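Asker: From the sequence below, what's the structure:
(one chain, ligands or ions: 1)
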Amino acid sequence: MRIRILGAGIVGLTVAFEFARAGCDVELTEKREGPGLGCSYFAGGMLAPWCEAENTERLILDLGCESLKFWTGTFPIAARQGTLVVAPARDKPELALFARRASGGERIDAARIAALEPDLAGRFEEALFFPEEAHLDPRAAMAALAAQLKDNAHVSLYFGEDGRQQGRADWTIDCRGLAAQDTLPDLRGVRGEMLILATGEIALKRPVHLLHPRYPVYVVPRGQKQFMIGATMIENEDAGRITARSLLELLGAAYSLHPAFAEAEVVETGAGIRPAFPDNLPRIRREGRTLYVNGLYRHGFLLAPALARRAVEAALQGAYFPEVMDAHPCERQTA
Ligand SMILES: Cc1cc2nc3c(=O)[nH]c(=O)nc-3n(C[C@H](O)[C@H](O)[C@H](O)COP(=O)(O)OP(=O)(O)OC[C@H]3O[C@@H](n4cnc5c(N)ncnc54)[C@H](O)[C@@H]3O)c2cc1C
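Answerer: Sure, this is the predicted structure:
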């Protein structure tokens, strides 16, 4: 069977991987000059389904746990070191609130924090630890997926081309992220800003969330002394540079996690636009022989493998997944 995929973000890459694994001939076309240069480029790479349960539906936990198996088993590129959630002393009620809403976190004391992350010793009295969670470097993960696809004789990759212009196939899987607004008018963009700092003064083994009533922030270790600091959530589709306010907030939070971040080098700042449906849940929509896999919002890496598997089974076996598919094939709506 011949499958045409539009877009090589994390969704298009995992969809291509799963169709190729199912024995299909795959043609993956990306408008940009290489894979993973859209929204996915800016992601933190946290695979944190239990933490995300703090403010999302049960569906994210279920799909996220399924995807974790992909990133640690099928395509093992994630580090399973857990996630640490801390709060400054004045925001301790935030930690209690988070513990009530999230799923499966262990309350740990200062000694355990110091054992897990020696550089945070003495900085926080208590924390939540989610031992089963994982993280990955999104850019490295996407490069590795693309390299594996390139080596597969049944996969053709095209970069710098508009996938909508390509030839015919048995199925088209549209993974264009926010660009699919032209056919999915209820898709919106949620801006996320981030930065990368480099310092040899701090070592962290795992992502650390710093709770704050106004702007919760996380720090994800990237290796080579680099740390991704993210991320804002702004209802705005402007792909411009990070704003001064966001930069101040992210840097302030990094500094309150550890003052050594004040001396870090700013390696990069950036902003990506997350594709989201009104309820912030992912969807696979069908229109004729096209499946749209979209709306992964702030969970692209966390959910893409689970969505990709469903897209393959929907196309090849006619499977129906009520948790992510509309009851009826979508009618093209006008904006
Ligand atoms: C700051 C930030 C931090 C984040 N952190 C995390 C995190 O820690 N964990 C997590 O799971 N998620 C995270 N996310 C969310 C995640 O990045 C998104 O959910 C994900 O990137 C969406 O992937 P996508 O493939 O749908 O979109 P994209 O990555 O935007 O990919 C769509 C691709 O389609 C291409 N395209 C568009 N039009 C065409 C066309 N006509 N023909 C061919 N190709 C086309 C685009 O160029 C693009 O490459 C974060 C997002 C941001 C912004």
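
Asker: CA atoms for contacts and neighbours, from now on please.
Answerer: OK.

Asker: so where's the stretch 51-200 of the chain shaky on pLDDT?
Answerer: Applying pLDDT under 70 to the stretch 51-200 of the chain flags residues 166.

Asker: Those residues of the stretch 151-300 of the chain touching the ligand, which are they?
Answerer: Contacts of the stretch 151-300 of the chain with the ligand, taken as Cα under 6 Å from any ligand atom, map to 162-164, 175-177, 179, 192-194, 230-231, 271-274, 294, 296-300.

Asker: Filter these down to the buried ones, PyMOL style.
Answerer: Remark: buried members of those, expressed as a PyMOL selection using 16 or more other Cα atoms under 10 Å:
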select buried, resi 163+175+176+177+192+193+194+230+231+271+272+273+274+294+296+297+298+299+300
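
Asker: Now, the residues of the stretch 151-300 of the chain next to the ligand that are in strands?
Answerer: Judged by DSSP state E, these include G192, E193, M194, G230, A271, G272, I273, R274, N294 as members of strands.

Asker: Output the contacting helices and strands for the strand or helix carrying A16.
Answerer: Assignment of secondary structure by DSSP states H and E places A16 within helix 10-21. Helices and strands touching helix 10-21, by 3 or more Cα pairs under 8 Å, 6 or more residues apart in numbering; DSSP states H and E, are strand 2-6, strand 25-30, helix 138-150, helix 300-317.

Asker: ok, 6 Å please
Answerer: Here helix 10-21 touches helix 300-317, going by 3 or more Cα pairs under 6 Å, 6 or more residues apart in numbering; DSSP states H and E.

Asker: just the angle between the helix it packs on and helix 138-150, please?
Answerer: Here the directions of helix 300-317 and helix 138-150 differ by 30 degrees (axes from the mean of the first three to the mean of the last three Cα atoms, to 10 degrees).

Asker: Can you point out the buried residues in helix 300-317?
Answerer: For helix 300-317, a neighbour-count test (16+ other Cα under 10 Å) marks 300-315 as buried.

Asker: model confidence over stretch 272-284, on average?
Answerer: For stretch 272-284, mean pLDDT is 97.

Asker: how long is that stretch from one end to the other?
Answerer: Using Cα to Cα, to the nearest Å, the end-to-end distance of stretch 272-284 comes to 22 Å.

Asker: Same check on stretch 235-252?
Answerer: Taking Cα to Cα, stretch 235-252 runs 22 Å from one end to the other.

Asker: For that stretch, buried residues please.
Answerer: Buried residues in stretch 235-252, counted by 16+ other Cα under 10 Å: E237, A239, I242, S246, L247, E249, L250, L251, G252.

Asker: Same question for stretch 259-277.
Answerer: F261, A264, V266, T269, G270, A271, G272, I273, R274, P275, A276, F277.

Asker: ok so, going back, per-residue confidence averaged over the helix holding A16?
Answerer: Mean pLDDT, helix 10-21: 98.

Asker: And for stretch 238-246?
Answerer: Rounded mean pLDDT across stretch 238-246 is 93.
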